[in-house]
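> generate a structure from the sequence data that follows.
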Amino acid sequence: MNGPGPDKEKSRVVDTFILLTRLVHEEVYPSFSFISDEKKVVQKISEHLPDVQWIGNYAVVGPWDYLDIFEARDLASATKVSALVRHYGGAHMEIWPAHEWNAFEKIIQDLQAAVRE
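Alright, predicted model coming up:
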């Protein structure tokens, strides 16, 4: 369900991304090493992309194992996050750009105004 997100003052322009992750090696060899792997991935992302800010991390039931929400400067930075997770974590993933609900409403309102002109 969509609802109003928190109003945040941001000193820099950032984009929000949803990262869906499915472990590959756990499908074949359930070693339960994913916890130590996750710590290594987080460390590598912090080293290489210090501007990336994590908003939330969730374990989910379904075709994906994890859903992460993070902010990055741009799609290129988000793609680097994805590459690091694949390299160090051995996982399949998808990245979805996302807008907070209030920002989405503003986009639609601006579009409506432009279409009426």
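
> tell me if I'm right that Ala72 and Val81 touch.
Yes. With contact defined as C-beta atoms under 8 Å, Ala72 reaches Val81; the gap is 6.7 Å. No exception for glycine: its C-beta is placed from N, CA and C like everyone else's.

> find residues that contact each of these two.
Residues touching both Ala72 and Val81 (C-beta atoms under 8 Å, 6 or more residues apart in numbering) are Phe17, Leu49, Val52.

> neighbour-wise, give me the winner out of those residues.
Using other C-beta atoms under 10 Å as the neighbour criterion, Phe17 leads those with 23 neighbours.

> neighbouring strands - and their directions - for the helix or strand containing that one?
Assigned by DSSP states H and E, Phe17 falls within strand 15-23. Strand pairing for strand 15-23, using DSSP bridges, gives strand 66-72 (antiparallel), strand 91-98 (antiparallel).

> and after the least confident helix or strand in the chain by mean pLDDT, which helix or strand comes next?
The least trusted helix or strand in the chain, going by mean pLDDT, DSSP states H and E, turns out to be helix 25-28, with a mean of 57. Sequence-wise, the next helix or strand downstream of helix 25-28 (DSSP H and E) is helix 34-48.

> and the angle for that following helix with strand 66-72?
Angle between the axes of helix 34-48 and strand 66-72 is 10 degrees (criterion: axes from the mean of the first three to the mean of the last three C-alpha atoms, to 10 degrees).

> still on that earlier bit, would you turn the shared contacts of Ala72 and Val81 into TSV with pLDDT and distance to His99?
Converted to TSV, the shared contacts of Ala72 and Val81 look like this (pLDDT from 0 to 100; distance: C-beta to C-beta, whole Å):
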residue	pLDDT	distance to His99
Phe17	97	11
Leu49	95	21
Val52	95	18
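
> of those, closest to Gln43?
Relative to Gln43, the closest of the shared contacts of Ala72 and Val81 is Leu49; by C-beta to C-beta it sits at 11.4 Å.

> which ones are touching the closest one?
Leu49 touches Ala72, Ser77, Lys80, Val81, Leu84, counting by C-beta under 8 Å, 6+ apart.
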